[in-house]
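>>> Turn this into a model:
(one chain, ligands or ions: 1)
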Amino acid sequence: MNGTFLPLVEDFFSIQGEGFHTGKAAYLIRLGGCDVGCSWCDTRFSWDPEHFPMVKTDAIIDRAIRSGTDSVLVTGGEPLMWNLGYLCSGLKSKYIKTFIETSGAYQLSGKWDWICLSPKTNMPPVSEICNKADELKVIIENRNDFEWAEEYRRKVSKKCRLFLQPEWSRFESVIPEIIVYVKQNPDWRISLQVHKYMHIP
Ligand code: SF4
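Got it, this is the predicted structure:
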């Protein structure tokens, strides 16, 4: 696979809804395929890449350029199941910044201006991605996830931004604990999925 075709779920110009770049406009590219299997996944429809046509990467790049965006967020699914070198080169040749949201379960490909690592217990990240992450975003579903967050905090670099994000379906039960935790551990910040409040994908 040389990355000249990718299994596209959807691509559209939108607003980033989570983490450090919340509220920033970006062209979102969602790729199909994920075998991490999080029980609470809100993009299950993306898991099977065979449900999505292989699309010319050049066509995706063209649409991103025509949108007028200055940055692209690649997500999934788990986008690093695919070789993203060609996609990133095409975007960067047009001075578009490249952002990725990944579980880190696969080797990194492509050149990125921002890597958001969201490690999952089902399939932990490969070690090489940890010290390259610009942002660590850990989903909190229950109390054990704070330990998971601290384990990965020790693996990322000192400059990496740290976020805890309530699992959406358990928001009411976990947000009080996250608030207490962040007050006691102020290096962490809270990330909310604000795109869901704005009713955008
Ligand atoms: Fe869903 Fe992401 Fe987990 Fe894959 S890694 S199952 S896309 S939440």
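>>> Can you tell me how far residue 161 is from the ligand?
Residue 161 is 19 Å from the ligand, where distance means C-beta to the nearest ligand atom, to the nearest Å. For the C-beta atoms, the positions are set from N, CA and C on the backbone; glycine is no exception.
>>> Quick one: mean pLDDT over stretch 80-95.
Mean pLDDT, computed over stretch 80-95, is 98.
>>> Stretch 3-12 now?
98.
>>> go on, stretch 150-167?
98.
>>> do the same with stretch 57-75
98.
>>> Can you name the element that comes right after the helix ranked longest in the chain?
For the chain, the longest helix by residue count, based on DSSP state H, is helix 171-184. Later in the chain than helix 171-184, the nearest helix or strand by DSSP states H and E is strand 188-190.
>>> Buried residues in the strand or helix carrying residue 148, which are they?
Following DSSP H and E, one finds residue 148 within helix 144-153. Within helix 144-153, the residues scored as buried using 16 or more other C-beta atoms under 10 Å are 145, 146, 148, 149, 152.
>>> can you redo those as a markdown table with distance to residue 45?
Formatted as a markdown table, the buried residues of helix 144-153 follow (distance: C-beta to C-beta, whole Å):
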| residue | distance to residue 45 |
| --- | --- |
| 145 | 24 |
| 146 | 30 |
| 148 | 26 |
| 149 | 27 |
| 152 | 27 |
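>>> Name the nearest of those relative to residue 184.
residue 146 (10.3 Å; C-beta to C-beta).
>>> Pretty sure the closest one sits against residue 181.
Yes - contact criterion C-beta atoms under 8 Å: residue 146 and residue 181 qualify, at 5.9 Å.
>>> any shared contact partners between those two?
Common neighbours of residue 146 and residue 181, counting by C-beta atoms under 8 Å, 6 or more residues apart in numbering, are residue 164.
>>> quick one, strands of this structure?
5-15, 25-31, 54-56, 71-75, 97-102, 114-117, 135-140, 161-166, 188-190 (DSSP state E).
>>> what's the last one packed up against?
So the one you mean is strand 188-190. If contacts are counted by 3 or more C-beta pairs under 8 Å, 6 or more residues apart in numbering; DSSP states H and E, strand 188-190 sits against strand 161-166, helix 171-184.
>>> go on, the third one?
Where contact means 3+ C-beta pairs under 8 Å, 6+ apart, strand 54-56 is packed against strand 5-15.
>>> what's near enough to touch the residue nearest the centre of the chain?
Residue closest to the mean C-alpha point of the chain, counted by C-alpha atoms, centre = their mean, is residue 101 at 1.8 Å. With contact taken as C-beta under 8 Å, 6+ apart, residue 101 is in contact with 18, 19, 73, 74, 75, 76, 79, 116, 118.
>>> From the residues you listed, list the ones also adjacent to the ligand.
residue 76 (C-beta under 6 Å from any ligand atom).
>>> Top of the contacts of residue 101 by number of neighbours, please.
residue 74 (28 neighbours; other C-beta atoms under 10 Å).
>>> rewinding a little: determine which stretch of the helices and strands packed on strand 188-190 is the most buried.
strand 161-166 (a mean of 22; mean count of other C-beta atoms under 10 Å).
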